[in-house]
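1. My questions are about this predicted structure, shown below with the sequence.
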Amino acid sequence: MHSFCHMNGQGEVKLCAGLERLKKEHGPLREQKQRLFEQAQAIVSDKEGQNWKERLLALRENVQAFVNELDPHSQREEGVLFPMMAQYIGRTSGPIAVMEYEHDQANQRLASFLTKTAELPETVDCESAMALANEVIDAYHILAEHFMKEENVLFPMAERLLSDEEKEELAEKISQI
């Protein structure tokens, strides 16, 4: 049972089941996030555009679908992985503090976009449409950087820090969220 977590010859860290799952979840989230970015970017770069309201509502639908996928993933990290790691490296500064801050920053922008687009006026002007689309673009940039840090720094660090028992507990707890 304990052999599923080990280092292979290249010094590349092989992740245990729980960490591997969190890393795999980034794949579909990354694809969804990319589509949101392209959709928001199209709004921002189209100065002559029409139908701002319809376009924002279409973007809103996709942002909502993305948030529905992102939230449980974030809960698995914030509710299970981060507290387990915090025992070893603390939570008030360092990697965990940064990760939680980035979660908050991305979530605030997405939530702000969803709130502001819930009650759009009949006609939306170009400036408003761009400001709203830029909130999605900001969230995209924060999360792109954030996923990279988790995959390159945080997950390998967790693999080294956590005991075999903790790794089993991690896999079990995240599967319940």
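-> Structure's in. What do you need?

2. Only C-alpha atoms from now on, for both contacts and neighbour counts.
-> Fine.

3. per-residue pLDDT, the residue minimising distance to the centre of the chain?
-> Nearest to the mean C-alpha position of the chain, counting by CA atoms, centre = their mean, stands L143 at 5.1 Å. pLDDT recorded at L143 is 98.

4. Also V153?
-> We note a pLDDT of 94 for V153 in this prediction.

5. now swap in K167 and tell me
-> So, for K167, pLDDT stands at 98.

6. which ones are touching it?
-> Contacts for K167 (CA atoms under 8 Å, 6 or more residues apart in numbering) come out as C16, A17, G18.

7. ok, now with 7 Å
-> C16, G18 (CA atoms under 7 Å, 6 or more residues apart in numbering).

8. Distance from the helix or strand hosting it to the middle of the chain?
-> Using DSSP states H and E, K167 sits within helix 164-175. Offset of helix 164-175 from its chain centre (CA atoms, centre = their mean, to the nearest Å): 21 Å.

9. Next, the buried residues of it.
-> D164, K167, E168, E169, L170, A171, I174 (16 or more other CA atoms under 10 Å).

10. same question, stretch 88-97
-> Buried residues in stretch 88-97 (16+ other CA under 10 Å): I89, R91, P95, I96.

11. how close does the nearest residue to the third one once chain neighbours are set aside get to Q50?
-> On the basis of CA to CA, 6 or more residues apart in numbering, the spatially nearest residue to P95 that is not a chain neighbour turns out to be L154, at 7.2 Å. According to CA to CA, to the nearest Å, L154 stands 44 Å off from Q50.

12. Looking at these two, which one has more neighbours?
-> Between L154 and Q50, counted using other CA atoms under 10 Å, L154 has the larger neighbour count: 20 against 13.
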